[in-house]
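>>> I need the structure of the sequence given here:
(2 chains)
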Protein chains: 2
Amino acid sequence: MGNITIRELAQRLGLSIATVSKALKDSYEISDATKKKIVSLANELNYSPNPYASSLRKQQSKTIAVVLPEVADSFFSLAINGIQEVALAKGYHVLFYLSHESFELEKKAINHCNNGRVDGVLISVSSETRDTAHISSLRSKNIPVVFFDRELEGYAAPKVVTNDYECGELAAKHLLDKGCRFPVFLSTSDALAICQNRFSGFANEINKIRNEIATYPFIINCSNDKNIYDQIASILEKFPAIDGIVASVEKLAIQTLLVCADQNIPIPDRIKVLAFSTLETAPLLNPSLTTISQPAFDIGKHSAETLITMIEKKKHSITNDYKAVLPSALNIRKSTQ
Amino acid sequence: MGNITIRELAQRLGLSIATVSKALKDSYEISDATKKKIVSLANELNYSPNPYASSLRKQQSKTIAVVLPEVADSFFSLAINGIQEVALAKGYHVLFYLSHESFELEKKAINHCNNGRVDGVLISVSSETRDTAHISSLRSKNIPVVFFDRELEGYAAPKVVTNDYECGELAAKHLLDKGCRFPVFLSTSDALAICQNRFSGFANEINKIRNEIATYPFIINCSNDKNIYDQIASILEKFPAIDGIVASVEKLAIQTLLVCADQNIPIPDRIKVLAFSTLETAPLLNPSLTTISQPAFDIGKHSAETLITMIEKKKHSITNDYKAVLPSALNIRKSTQ
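Residues are numbered from 1 along each chain as shown, chains lettered A, B, ... in the order given. A predicted model of the protein is given here:
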């Protein structure tokens, strides 16, 4: 038989076209029993929606945008793979915009999404981002936004993140257990919620056990991408008591290892190093690197699923206070033995 | 004074608007002397073009697309940074599409670029790509395309690449110098020009010095992304004579190192490993990894400059036989000592 239309389905079932249409989109307005009846007949008659017409009707581009700070970090490259897996399965194109940690570039990217060319946006904010007007403007045009990993604390929007505070505690506990007296936390931005939360957990644990914290800086901000190596070298020279480092992001870990290698600072004997990282080569490094690894692929996957659910009008299930927290894991290796 | 227009500039100089406009775009149609006169007055009167009007006139989106196989490879993340640096300086947005080594996804991405949303496309083809119709169709709509790194051999279009053949020779020479008798080349695709060329150089060098090549496979294709680790493990088990490995791409190198670590195969004592890679952690690995490192950032930069030159109608300078070859470098480290 020829292609059956939604009108014919409705006629056969004695239902309105709107009801059938909503049921086929899994709308919450239609009861499960009615949905079942409709879907069953649709399957039986090989009903397949006309995607072009459907796209026109909804004015959808079947495209989502991903705005993220960089791709050199393994977290982002894994998250991208998770996002693309879901997008592919659901028939969406994915456009990537890189902010390179610049608020101006992030704003430009968001404005570029603001003209109907995308149906929704996944964002991991730049380390400079404090303002939210660009994101609010997008949402005011009914373009849904989901934050992944790097969210904006206090801004009400769906978020998919990891348990940064607990992992900060875990990092500090691990270094203290291994005998560190003066562990330091290397931050990449004092504005990023992920860094703040990781540091708060770290600080909470350090504060519990000693009163010497005034004598050395236990957080150091390496926010200038251009000379991270020099910043770390000068920190280690200035504060020779430092015997442990928690690198809050991968690039800080790699630069720390390069400084220690160049200056013959033995790891773990003089300094123990732990990194928030999903670096594939972590077990192959000399010494192998202890990491707290985020579920990057799953964060990408889950955030894309959340966004596409919102795009496809099942918005009632995703409210602004939606927050999925996917736990990270501590992988103990030689750099902290 | 108020904003001076191009019309006023033309009137003051007694030239046509078209001539002034072309001169300000550095067109080859205008003589250097005339350009100088026009630019000098434009600077004196603080002429600044209206970018919006200019964009409308040219029907330009001021957006370029980058289609590439993946971002987990450090070559691509560095190349992306080079591309974005140029785009930013020239006022272009950059959209990234990932093919994930799938020809179907690459075609979809290219088709997505085919509707006026981008002014030009940079592409590094997937390992499955043999056909060129999708790219020809784009170019037939006057959307310029520049290949970077992974080109399509025999297809006439501007290309920015590295000296893969010579580097294949260099890799083989280095392993033979270090005493390898049975070095093997791990390829990621028998269709990719970069792999073919690297292998041809490698094979040429190996063939020079011995007649034993029939006794073991000196190229092995690990084209299935899902089980590279297993493929490498089974190769090493099946051909215990292998005493050297050239990994044609980064992911093959990492999996080789993981297999050797798990199976306690000592590097470099039993097997020497050399990788085509720009991995930042190469000097930090255990053992540190000998690499042939491509000028990834510069390849990105140069390809973006080439594309934008074509977009901005100075096309006469970029012909289809344009090929920039940026040399790679051998970095000798412990994995081949």
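>>> check contacts around residue A:145.
By Cβ atoms under 8 Å, 6 or more residues apart in numbering or on different chains, the contact set of residue A:145 is A:120-123, A:135, A:138-139, A:157-158, A:307. Just so you know, the C-beta spots here come from the backbone N, C-alpha and C atoms, and that holds for glycine as well.
>>> how about those residues in TSV, adding pLDDT, neighbour count and distance to residue A:261?
As requested, these are exported to TSV (pLDDT from 0 to 100; neighbours: other Cβ atoms under 10 Å in any protein chain shown; distance: Cβ to Cβ, whole Å):
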residue	pLDDT	neighbour count	distance to residue A:261
A:120	95	25	44
A:121	97	24	40
A:122	98	28	36
A:123	97	31	35
A:135	93	23	41
A:138	91	21	44
A:139	90	14	46
A:157	93	21	42
A:158	96	23	42
A:307	96	29	41
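>>> so of these, which ones are in helices?
Counting by DSSP state H, these place A:135, A:138-139, A:307 in helices.
>>> Need the residues that contact stretch A:31-41.
Outside stretch A:31-41, the residues touching it (Cβ under 8 Å, 6+ apart) are A:9, A:12-13, A:15, A:19-20, A:23-24, A:26, A:30, A:47.
>>> picking that back up, keep only the ones in helices among the contacts of residue A:145 that also lie close to chain B.
When Cβ under 8 Å from any Cβ of the partner chain is applied, no member of those is adjacent to chain B.
>>> what's the farthest-apart pair in these?
A:135 and A:307 (13.5 Å; Cβ to Cβ).
>>> all strands in the stretch 201-337 of chain A, in order from the N-terminus.
Taking DSSP state E, counting those that start in this stretch, the strands of the stretch 201-337 of chain A run over residues A:219-221, A:244-247, A:272-276, A:290-293, A:323-326, A:329-331.
>>> Make CSV out of these and add mean pLDDT and distance to chain B.
Formatted as CSV, these follow (pLDDT from 0 to 100; distance: least, Cβ to the nearest Cβ, whole Å):
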stretch, mean pLDDT, distance to chain B
strand A:219-221, 87, 21
strand A:244-247, 97, 13
strand A:272-276, 98, 11
strand A:290-293, 98, 13
strand A:323-326, 96, 20
strand A:329-331, 97, 14
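>>> Kindly present these as a markdown table, with separate columns for mean neighbour count.
Listed next are the strands of the stretch 201-337 of chain A as a markdown table, based on neighbours: other Cβ atoms under 10 Å in any protein chain shown:
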| stretch | mean neighbour count |
| --- | --- |
| strand A:219-221 | 18 |
| strand A:244-247 | 28 |
| strand A:272-276 | 26 |
| strand A:290-293 | 25 |
| strand A:323-326 | 15 |
| strand A:329-331 | 14 |
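>>> Need those in a markdown table (columns: distance to residue B:313).
Formatted as a markdown table, the strands of the stretch 201-337 of chain A follow (distance: least, Cβ to Cβ, whole Å):
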| stretch | distance to residue B:313 |
| --- | --- |
| strand A:219-221 | 46 |
| strand A:244-247 | 47 |
| strand A:272-276 | 47 |
| strand A:290-293 | 49 |
| strand A:323-326 | 49 |
| strand A:329-331 | 54 |
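>>> Which strand or helix spans residue A:82?
Element membership of residue A:82 [criterion: DSSP states H and E] is helix A:74-90.
>>> And the next helix or strand past that helix?
Assigned by DSSP H and E, the successor of helix A:74-90 is strand A:93-98.
>>> Return the list of helices and strands in contact with that following strand.
Strand A:93-98 is packed against strand A:63-68, helix A:74-90, helix A:103-112, strand B:93-98, helix B:103-112, with contacts defined by 3 or more Cβ pairs under 8 Å, 6 or more residues apart in numbering or on different chains; DSSP states H and E.
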